[in-house]
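S.K.: Structure for this input, please:
(one chain, ligands or ions: 1)
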Amino acid sequence: MWFIIPIFHGLSLMPLRRLSSSRPTINNHLTRYYPVTAADLRAGDWQEIIVATGIKGRTPAIPGIDHPMVMSYTDAILGRKPIGDKVAVIGAGGIGFDVAELTSHKGVSASLDVKVFAREWGIDFENHPRGGVAGVTPEVAKSDKEIYLLQRKATSIGKGLGKTTGWAHRISLKRKGVHMIPGVEYQQIDDQGLHISIDGQEKILDVNSVVICAGQESERHLYDQLLASQVADNAPIHLIGGADVAHEIDAKHAISQGSRLAAKL
Ligand SMILES: Cc1cc2nc3c(=O)[nH]c(=O)nc-3n(C[C@H](O)[C@H](O)[C@H](O)COP(=O)(O)OP(=O)(O)OC[C@H]3O[C@@H](n4cnc5c(N)ncnc54)[C@H](O)[C@@H]3O)c2cc1C
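M.R.: Below you'll find the predicted structure:
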């Protein structure tokens with residue numbers, strides 16, 4: 001029997017064969033989050049073990065990074081820490097954009113309501129002007145939060161986003177009033193806010209929340225535990241997805257790796 005360790009961004013990789021009836025406990029835990037340890041797996045009679053534990057956010061070495069106003073993107077997204085009304089998002093990759101979108105969002109989402117979508121993108125579905133859009137001004141509710149989306153690179157913000165969707169994310173945040181600033185050096189975080197410099201000019205952003213979206217590292221805690229334990233002597237251990245290579249926005253790679261390995265086994 002073999003066991004795939006977790007849970008694929010909502011799409012669970014379920015155990016492909018039932019585990020030994022003497023180990024029902026782990027199987028039961030698959031329906032909800034349970035931090036599996038090497039000790040849990042030690043007693044099992046596994047033929048293969050697949051570790052798909054994903055990534056953990058990278059913590060940049062900025063003085064004051066342990067200030068109470070600083071939070072990881074997972075804490076921000078999962079609502080584990082309240083986000084204030086003046087927010088700096090450090091890192092403007094796909095996840096930084098998602099966090100800025102979430103933080104600036106108000107009311108019903110345009111992706112859930114046709115009327116809101118039409119209003120925000122300036123489309124008139126009723127009177128059908130030329131192209132559906134001629135003469136229609138998009139109306140987007142400005143965020144009541146002051147949000148800064150920052151990146152170290154001097155290139156334009158959002159350059160690395162998907163070719164077909166990046167422009168829409170950029171426009172959406174711009175219309176909501178999010179400040180997008182490239183070429184930022186982070187100097188310090190303290191009670192005054194986030195100290196930065198841009199082109200040598202020092203500035204303090206008066207913020208009460210700093211969300212870190214500054215890249216990822218593979219989450220290999222369990223994998224390392226397994227390698228160091230006797231579990232590794234009994235069953236081959238495979239590492240897939242973000243736990244193998246920490247790409248920021250690459251579910252396709254993780255799915256491909258998982259599917260190919262499953263087919264091979
Ligand atoms: C905000 C955000 C937006 C994204 N948007 C996109 C996008 O638009 N397109 C795209 O392609 N990719 C996107 N990604 C990236 C995508 O989510 C990942 O590439 C993909 O989920 C990686 O899959 P995975 O199975 O390796 O890891 P994950 O999906 O992260 O799954 C790992 C799971 O393992 C669990 N886990 C870890 N350790 C243990 C343990 N010891 N015991 C039990 N469970 C454990 C974790 O809790 C997690 O549920 C986004 C990521 C984030 C954070």
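S.K.: and the residue nearest to Ile62 when sequence neighbours are not counted, how far is that from Leu102?
M.R.: Once flanking residues are discounted, Ile62 sits nearest to Tyr186: 4.7 Å by CB to CB, 6 or more residues apart in numbering. Just so you know, the C-beta spots here come from the backbone N, C-alpha and C atoms, and that holds for glycine as well. Using CB to CB, to the nearest Å, one gets 22 Å for the distance from Tyr186 to Leu102.
S.K.: what about those two, which has more around it?
M.R.: For Tyr186 versus Leu102, neighbours defined as other CB atoms under 10 Å are more numerous around Tyr186 (21 against 15).
S.K.: Okay, and that one sits in which element?
M.R.: strand 184-190 (DSSP states H and E).
S.K.: list the contacts for the residue nearest to Ile62?
M.R.: With contact set as CB atoms under 8 Å, 6 or more residues apart in numbering, Tyr186 has these partners: 60, 62, 90, 150, 152, 194-196.
S.K.: Show me which of those is closest to Arg220.
M.R.: Distance to Arg220 across the contacts of Tyr186 (CB to CB) is lowest for Pro60, with 19.9 Å.
S.K.: Quick one: residues contacting that closest one.
M.R.: Counting by CB under 8 Å, 6+ apart, the residues that Pro60 touches are 90, 186, 212, 214.
S.K.: can you tell me the helix or strand for it?
M.R.: When the helices and strands are read off by DSSP H and E, none of them contains Pro60.
S.K.: Could you measure from it over to Ala118?
M.R.: In this structure, Pro60 and Ala118 are 40 Å apart, going by CB to CB.
S.K.: swap in Asn234?
M.R.: Distance of Asn234 to Ala118, computed by CB to CB: 59 Å.
S.K.: Which one's more surrounded, these two?
M.R.: Ala118 (19 against 15).
S.K.: Next, give phi and psi for that one.
M.R.: In terms of degrees, to the nearest 10, the main-chain angles of Ala118 are phi -60, psi -40.
S.K.: Please report the distance of the closest residue to it other than its chain neighbours from Gly135.
M.R.: Distances taken as CB to CB, 6+ apart place Phe125 nearest to Ala118, at 5.5 Å, with adjacent residues excluded. Distance check for Phe125 against Gly135: by CB to CB, it reads 14 Å.
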